[in-house]
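*Asks:* Sequence and predicted model, in that order:
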Amino acid sequence: MQEMEENAFFWYWFVNIPGVGSVSRRKLLERFGHPERVYSAEEEEYADILTPGQRARLQESRDVRRIRQSMERLLRFGARFLHWESPDYPSGFRQLFDPPYGIYVRGRLPEEERPVLGMVGSRAATSYGIRAAQRFAAELSRQGVQIVSGLAAGVDAASHRGALEADGYTLGILGGGIDTMYPRENFSLYMQMYERGGVLSEYNLGIPNSPGLFPLRNRLISAISDGVFVVEAGEKSGSFITIDQALEQGKEVFALPGRVSDPQSAGCNRLIAEGAFLVQRSEDISDILFKKYVSYMQKPCKFQEKDLRERGKPVIRDPEQRRVCDLLDGKNPTSFNELLEKSGYNFVKLQYILLEMEISGLIYQAGQNTYLRNI
């Protein structure tokens, strides 16, 4: 076996040992350092970590043929297994106290170079919540934000649909095995996401959904995201589990306000009162998320830095922004398509640059998708 294949084999075995939970797995790794060493260890070496029943199941699980067959079933289903040492294992998961040492993925994972927003809310959402989730997801997707949610009913499903309708990327994180669909009416949505976006779970084939798994799922939604947006939630909504996780992880929290008389908006209104970002338009989210991805360091374009300082104008130090600035005029607007052709940047990259230049006051839109230099 190649080294990467060996690693996948041992990690796959390790995360699928029957009856051994996350606490015991963490203790085993702390002692042995790698699943391969656990696999080769004698029973007395881990007797103080596992119960007699767990030790027996661990020994029974060391069956190469059965492990290989299980891995092949996963591949036939169209899913892949990523483990702690995989190069494309999500970096956000590594920051968790209780990270999943293996995950199962169908489709694609979010791009590390673009912002990711977790969208959560009530399963029994109102028509206001459904429309808002779908609209915000679509608008944010067009701005380059990647949408993550839990593929449940209500706000989750509306968020995924909005992203797909805008030809954006969306990831569903499941509260059961990678082959579970809950509710069943989301089957077609699941298939669209698998083909055009991605679906992820920390549970293997055949693990049913259960209420106890949803809080664990929620920590992954916040961990893979740069921020979490609560679209609609009552005072006791399960969305607050995700929010608590997001706050612990240092993520931004956004909330959509609702009528004070509406119990389905009471949770969102309380979050805003406690300091969450109030959202009225998609830019209230994207302007904050993009700050992490686009440099605010700037370099001069067409003017000397000294001249700009003397006029009290901002100095452009970033070479990418300078390059775009050189293509713009102060009087005659330049279209996005013209900038796309002349700059050599791809569509998404140019969007990022222009957005940051607008935020910084270096440029402004004279009309829809036409730009003027402001310096």
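*Replies:* Perfect, thanks for sending it. Numbering: from 1, shown residues only.
*Asks:* Just checking, which helix or strand of the protein averages the lowest pLDDT?
*Replies:* helix 305-311 (a mean of 43; mean pLDDT, DSSP states H and E).
*Asks:* and after that helix, which helix or strand comes next?
*Replies:* For helix 305-311, the following helix or strand on the C-terminal side (DSSP states H and E) is helix 319-325.
*Asks:* counting contacts, what elements does that next one pack onto?
*Replies:* Applying 3 or more CB pairs under 8 Å, 6 or more residues apart in numbering; DSSP states H and E, one finds that helix 319-325 contacts helix 336-343, helix 347-359. C-beta here means a position set from N, CA and C on the backbone, and glycine is covered the same way.
*Asks:* and those helices, which one's lowest on average pLDDT?
*Replies:* Sorting these by mean pLDDT places helix 347-359 lowest, at a mean of 75.
*Asks:* Between helix 336-343 and it, find me the angle.
*Replies:* Relative orientation of helix 347-359 and helix 336-343, computed by axes from the mean of the first three to the mean of the last three CA atoms, to 10 degrees: 110 degrees.
*Asks:* Report the buried residues of helix 347-359.
*Replies:* 349-359 (16 or more other CB atoms under 10 Å).
*Asks:* out of the helices and strands packed on helix 319-325, which comes closest to F277?
*Replies:* Proximity to F277 (CB to CB) singles out helix 347-359 among the helices and strands packed on helix 319-325, at 15.3 Å.
*Asks:* possible to save the helices and strands packed on helix 319-325 as CSV with distance to Y293?
*Replies:* Below are these laid out as CSV (distance: least, CB to CB, whole Å):
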stretch, distance to Y293
helix 336-343, 18
helix 347-359, 7
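*Asks:* Which among those helices is found nearest to P257?
*Replies:* Closest approach to P257 among those (CB to CB): helix 347-359, 23.1 Å.
*Asks:* now that closest one: how far from the chain's centre is it?
*Replies:* Relative to its chain's centre, helix 347-359 lies at 21 Å (CA atoms, centre = their mean, to the nearest Å).
*Asks:* How about stretch 134-147?
*Replies:* Here the centre of stretch 134-147 is set off from its chain's centre by 13 Å, with CA atoms, centre = their mean.
*Asks:* cool, and stretch 365-375?
*Replies:* 32 Å.
*Asks:* pull the CA atoms of it into PDB?
*Replies:* What follows is stretch 365-375, C-alpha atoms only, in PDB (Å, rounded to 0.1, in the frame of the first residue of the first chain):
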ATOM      1  CA  GLN A 365     -20.300  52.700  -9.300                       C
ATOM      2  CA  ALA A 366     -21.500  55.300 -11.700                       C
ATOM      3  CA  GLY A 367     -24.200  52.800 -12.900                       C
ATOM      4  CA  GLN A 368     -24.900  49.100 -12.600                       C
ATOM      5  CA  ASN A 369     -21.500  47.300 -13.000                       C
ATOM      6  CA  THR A 370     -19.700  50.400 -14.300                       C
ATOM      7  CA  TYR A 371     -17.000  52.000 -12.200                       C
ATOM      8  CA  LEU A 372     -15.200  55.400 -11.800                       C
ATOM      9  CA  ARG A 373     -12.000  56.100  -9.900                       C
ATOM     10  CA  ASN A 374     -12.500  58.300  -6.800                       C
ATOM     11  CA  ILE A 375      -9.000  59.600  -6.600                       C
END
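*Asks:* pLDDT (mean, whole number) over it?
*Replies:* Stretch 365-375 comes out at a mean pLDDT of 77.
*Asks:* Pull out the buried positions in it.
*Replies:* 371-375.
*Asks:* how about low-confidence regions in the stretch 101-250 of the chain?
*Replies:* Where the stretch 101-250 of the chain drops to pLDDT under 70, the residues are 211.
*Asks:* As a check, name the ranges of all helices in the stretch 1-150 of the chain.
*Replies:* 3-15, 22-32, 35-40, 52-61, 64-77, 127-142 (DSSP state H, counting those that start in this stretch).
*Asks:* Sort out which one of the buried residues of helix 347-359 lies nearest Q54 for me.
*Replies:* For the buried residues of helix 347-359, the nearest to Q54 is Y352 (49.3 Å; CB to CB).
*Asks:* thought the closest one was touching K292?
*Replies:* No: using CB atoms under 8 Å, Y352 is not in contact with K292; the gap is 11.2 Å.
*Asks:* shared neighbours of those two, which are they?
*Replies:* Contact criterion CB atoms under 8 Å, 6 or more residues apart in numbering; residues shared by Y352 and K292: none found.
*Asks:* Which parts of the stretch 101-250 of the chain are strands?
*Replies:* Using DSSP state E, counting those that start in this stretch, the strands of the stretch 101-250 of the chain run over 102-107, 116-121, 146-149, 170-173, 198-201, 227-232.
*Asks:* Could you list the paired strands of the last one along with their orientation?
*Replies:* What that stands for is strand 227-232. When pairing is defined by DSSP bridges, strand 227-232 lines up against strand 116-121 (parallel), strand 252-255 (parallel).
*Asks:* ok, and which of these has the densest surroundings?
*Replies:* strand 116-121 (a mean of 30; mean count of other CB atoms under 10 Å).
*Asks:* how close does I207 sit to G129?
*Replies:* 29 Å (CB to CB, to the nearest Å).
*Asks:* Much appreciated, bye for now.
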